[in-house]
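Engineer: Starting from these lines, generate the structure:
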Amino acid sequence: MRAHPSAIVAAGAKIAAGVEIGPFTVVGPEVTVGEGSVIGAHVVLAGRTTLGRNNRVFAFASIGEIPQDRKYTGEPTRTLIGDENVIREFVSINAGTSQDKGVTTIGNGNWLLAYSHVAHDCVIGNRTTFSNNAQLAGHVIVDDDAILGGFVGVHQFCRIGVHAMVAAGSIVLQDVPPYVTAAGYPAKPHGTNNEGLRRSGFSPDQILVIKRAYKTLYRSQLSLEVARGQIVADAQIAPELRPLAAFLETPGRGIIR
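Structural biologist: Next up, the predicted model:
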């Protein structure tokens, strides 16, 4: 570990060899930081927090502090962050609450840009992108490869599906299905995230299948129940539709319509 002389690293912290810790950073006694991680200046790593390997945390980020929840009364909840995440300036990530799983979870390869916020009990997948000031309320789930534009706000208990994209300034009050582009206040569906799918390696044929499923869900004038049944049936022979079918079959706040 290479820590600046002004950094405060508690005796109980578990810091792997090769970790860099910048000036005036504070690391609590129940924090674990994996190999290759770089922690910038004025960062606070608090609570029962674990960061994996090769994370980059920039100045003034706050990770693992107690949840901003009136129900919280000091329970031993946690924050768990995977590998190779980029956490930019002034990002805040709060620990979980005992009313949920007791842990806020962030996977691997995510980019959380400046001032974004991940509230208590959120579950973030892998390779997501949070643009500046994207804000999650508590208990939100953001699946792999989703993109949140700048100043997006997501209501508690909402879900954002894989490869979904939420446009800048949108307010999400219901679930955003996989592959869907959402925009507005409240957010409404505006087609499929074609560019994101291409960048992720989806073939033109796969994108066409997804676009047809979108039409079934949003433009066919079918009831949600009938459209869901059609997509579930189509997913039996089109693997790219399985995330969408599973999402629609999982209870939530209702999808954006």
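
Engineer: just checking, next helix/strand downstream of the longest helix that the chain contains?
Structural biologist: Criterion DSSP state H: the longest helix present in the chain is helix 204-218. Going down the chain from helix 204-218, the next helix or strand is helix 224-234, by DSSP states H and E.

Engineer: any idea of the angle that next one forms with helix 204-218?
Structural biologist: 160 degrees (axes from the mean of the first three to the mean of the last three Cα atoms, to 10 degrees).

Engineer: buried residues in the helix or strand just after helix 224-234?
Structural biologist: Using DSSP H and E, the helix or strand that follows helix 224-234 in sequence is helix 242-249. Within helix 242-249, the residues that count as buried by 16 or more other Cβ atoms under 10 Å are 243-245, 247-248. For every residue, glycine as well, the C-beta is placed using N, CA and C.

Engineer: before we move on, what about stretch 194-206?
Structural biologist: In terms of neighbour count (16+ other Cβ under 10 Å), stretch 194-206 has its buried residues at 194, 196-197, 202, 206.

Engineer: out of these, what pair is the most spread apart?
Structural biologist: 196 and 206 (12.7 Å; Cβ to Cβ).

Engineer: Residue 58 touches residue 38, doesn't it?
Structural biologist: No: using Cβ atoms under 8 Å, residue 58 is not in contact with residue 38, being 9.0 Å away.

Engineer: so what pLDDT did the residue minimising distance to the centre of the chain get?
Structural biologist: Centroid-nearest residue in the chain, with Cα atoms, centre = their mean: residue 124, separated by 3.2 Å. Note on residue 124: pLDDT of 98.

Engineer: Provide a list of residues in contact with it.
Structural biologist: Residues near residue 124 by Cβ atoms under 8 Å, 6 or more residues apart in numbering: 105-107, 110, 118, 142.

Engineer: ok, so of these, who is nearest residue 152?
Structural biologist: Among those, residue 142 lies closest to residue 152 (Cβ to Cβ), at 10.5 Å.

Engineer: Could I get the contacting residues of that closest one?
Structural biologist: Per Cβ under 8 Å, 6+ apart, neighbours of residue 142: 122-125, 128, 136, 148, 154, 159-160.

Engineer: can you check residue 155 too?
Structural biologist: Neighbour list for residue 155: 137, 140, 171-174, 253 [criterion: Cβ under 8 Å, 6+ apart].

Engineer: and those, which of them are in strands?
Structural biologist: If you go by DSSP state E, the contacts of residue 155 have 171-172 in strands.

Engineer: Which of the contacts of residue 155 ranks first by neighbour count?
Structural biologist: In terms of neighbour count, residue 172 stands highest of the contacts of residue 155 at 26 neighbours, by other Cβ atoms under 10 Å.
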